[in-house]
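Asker: Okay, here's the prediction I keep looking at, along with the sequence it came from:
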Amino acid sequence: MQLITIVGTLMTALNIVREKEAGTLDQLNVTPIRPSVFLAAKLIPLWVIGLIEFTMGLLVAVLVFDVPVVGSLAVVYAGAALFLVAALGVGLWVSTVSDTQQQALFVTFSILMVYVLMSGLFTPVRAMPSWVQTVAQINPMMHFIALVRAVLLKGAGFADVWRQLVALAVIGITILSLSVGVYRKRAS
């Protein structure tokens, strides 16, 4: 999960900030290409790479560490695809607030620390103070970890994890939409 978060967030931010530093982003903004086409060309390959990386990580988990796959892989991949949308949205937002790759790196790692600490990966969310539990609901990693644990280890199906899928979809679409809006304002 950390690897696909880094690909989705950090690589997106660095990719776009690199264009900004090189001056090619300004050149692209004055061409007839629409910002949505530019963003799709930047984000879709990273989304695919993230899914490929998730597949490789899952294969290592199963083949090397004997992690059981009790539930449906289709549900896990649906969750991974939605989680990556949220990660890409955060990466795009980071690229809009960063002027250099170093700034993007520091902002991304700060966000990733909060993601991990509030995700329930190491400490159960239910053991955190109630206000933190409420804030943690907007953390896409929390929902993705809950989904992966439920499906892979407990054999949960779509009916059992639909809330996590809906949460990931809402968070992903919201973050990506807001980030695209901020990018468009900065580009014009």
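Answerer: All right, it came through fine.
Asker: where in this protein is pLDDT low?
Answerer: Along the chain, segments meeting pLDDT under 70 span 187-188.
Asker: Which strands and helices lie in contact with the helix or strand encompassing residue 171?
Answerer: Residue 171 is part of helix 158-187 when elements are defined by DSSP states H and E. With contacts taken as 3 or more C-beta pairs under 8 Å, 6 or more residues apart in numbering; DSSP states H and E, helix 158-187 sits against helix 35-63, helix 73-97, helix 140-148. C-beta: built from backbone N, CA, C; applies to glycine.
Asker: Just say which of the ones you listed is most tucked in.
Answerer: The highest mean neighbour count among those, using mean count of other C-beta atoms under 10 Å, belongs to helix 140-148: a mean of 25.
Asker: Only the C-alpha atoms, please, for it, written as PDB.
Answerer: Backbone C-alpha positions of helix 140-148 (Å, rounded to 0.1, in the frame of the first residue of the first chain) are rendered in PDB as follows:
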ATOM      1  CA  PRO A 140      -8.400   6.900   1.800                       C
ATOM      2  CA  MET A 141      -5.600   4.700   3.100                       C
ATOM      3  CA  MET A 142      -7.700   3.700   6.200                       C
ATOM      4  CA  HIS A 143     -10.600   2.500   3.900                       C
ATOM      5  CA  PHE A 144      -8.300   0.700   1.600                       C
ATOM      6  CA  ILE A 145      -6.400  -1.100   4.400                       C
ATOM      7  CA  ALA A 146      -9.800  -2.200   5.900                       C
ATOM      8  CA  LEU A 147     -10.900  -3.400   2.500                       C
ATOM      9  CA  VAL A 148      -7.700  -5.400   1.800                       C
END
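Asker: which other residues reach it?
Answerer: Applying C-beta atoms under 8 Å, 6 or more residues apart in numbering, the external contacts of helix 140-148 come out as 1, 5, 75-76, 79-80, 82-83, 86-87, 115-116, 118-121, 125, 136, 161, 164-165, 167-168, 171-172, 175.
Asker: Residue 128 reaches residue 136, doesn't it?
Answerer: Yes. Shown here, residue 128 and residue 136 form a contact pair, counting by C-beta atoms under 8 Å, at 6.9 Å.
Asker: which of these two has more neighbours?
Answerer: The residue with more neighbours, out of residue 128 and residue 136, is residue 136; 20 against 16, by other C-beta atoms under 10 Å.
Asker: Can you give me every residue that contacts the spatially closest residue to the more buried one that is not a sequence neighbour?
Answerer: Nearest non-adjacent residue to residue 136, counting by C-beta to C-beta, 6 or more residues apart in numbering: residue 118, 4.5 Å away. The neighbourhood of residue 118, defined by C-beta under 8 Å, 6+ apart, consists of 125, 128, 132, 135-136, 139, 141-142.
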